[in-house]
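Peer 1: Sequence first, then the predicted structure, then my questions.
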Amino acid sequence: MRPHEKLDVWKKSIDLVMSVYQATESFPKDERFGLTSQIRRAAVSIPANIAEGAGRDSPREFTHFLSNAQGSTSELETELLIARRLGYFGEGTHTSLRTDLDSIGRMIVGLSSSIKKREQ
């Protein structure tokens, strides 16, 4: 098992990617290369950065990639709000995705803080 596969935050972010893909399937076809693509890329970027950081040699590098993952959570949050305001999915879907995203964001911050404390 690779190091990232043991992390709950990575597992939860993979689940979020699946939810995001399902939620964006019904977006208008003319958004396929626009907002749909942006939302999906931001969602995928979260577990991808966690995995890349976990595979690096130093804790400092890991926290750098966790910071990138946290940036992707902010990007995704913004894009989900735009999609909701455009009426591309309902409030229930938006709330569910935001709840998962907020949880992942807190987990990233906690993991990063834990790694930094161990290095001191």
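Peer 2: Alright, I've got the coordinates. A quick note: this is a predicted structure, and the numbers were derived from the prediction, not measured.
Peer 1: Residue 8 and residue 104: what is the separation?
Peer 2: In this view, residue 8 and residue 104 are 10 Å apart by C-beta to C-beta, to the nearest Å. Every C-beta, even on glycine, is put in place using the N, C-alpha and C of the backbone.
Peer 1: Comparing those two, which shows the higher neighbour count?
Peer 2: residue 104 (25 against 10; other C-beta atoms under 10 Å).
Peer 1: Within the helices and strands, which one has that one?
Peer 2: Remark: residue 104 resides in helix 91-119, with elements defined by DSSP states H and E.
Peer 1: what mean pLDDT does that helix have?
Peer 2: The average pLDDT within helix 91-119 is 96.
Peer 1: What helices and strands are in contact with it?
Peer 2: Under the contact criterion of 3 or more C-beta pairs under 8 Å, 6 or more residues apart in numbering; DSSP states H and E, helix 91-119 touches helix 8-24, helix 59-85.
Peer 1: Which one, of these, ends up nearest to residue 43?
Peer 2: helix 8-24 (4.1 Å; C-beta to C-beta).
Peer 1: Return the list of helices and strands in contact with that closest one.
Peer 2: helix 35-54, helix 59-85, helix 91-119.
Peer 1: how close does the spatially closest residue to residue 103 that is not a sequence neighbour sit to residue 72?
Peer 2: With C-beta to C-beta, 6 or more residues apart in numbering as the criterion, residue 103 has its nearest non-adjacent residue at 6.8 Å, and that residue is residue 12. Distance from residue 12 to residue 72, counting by C-beta to C-beta: 14 Å.
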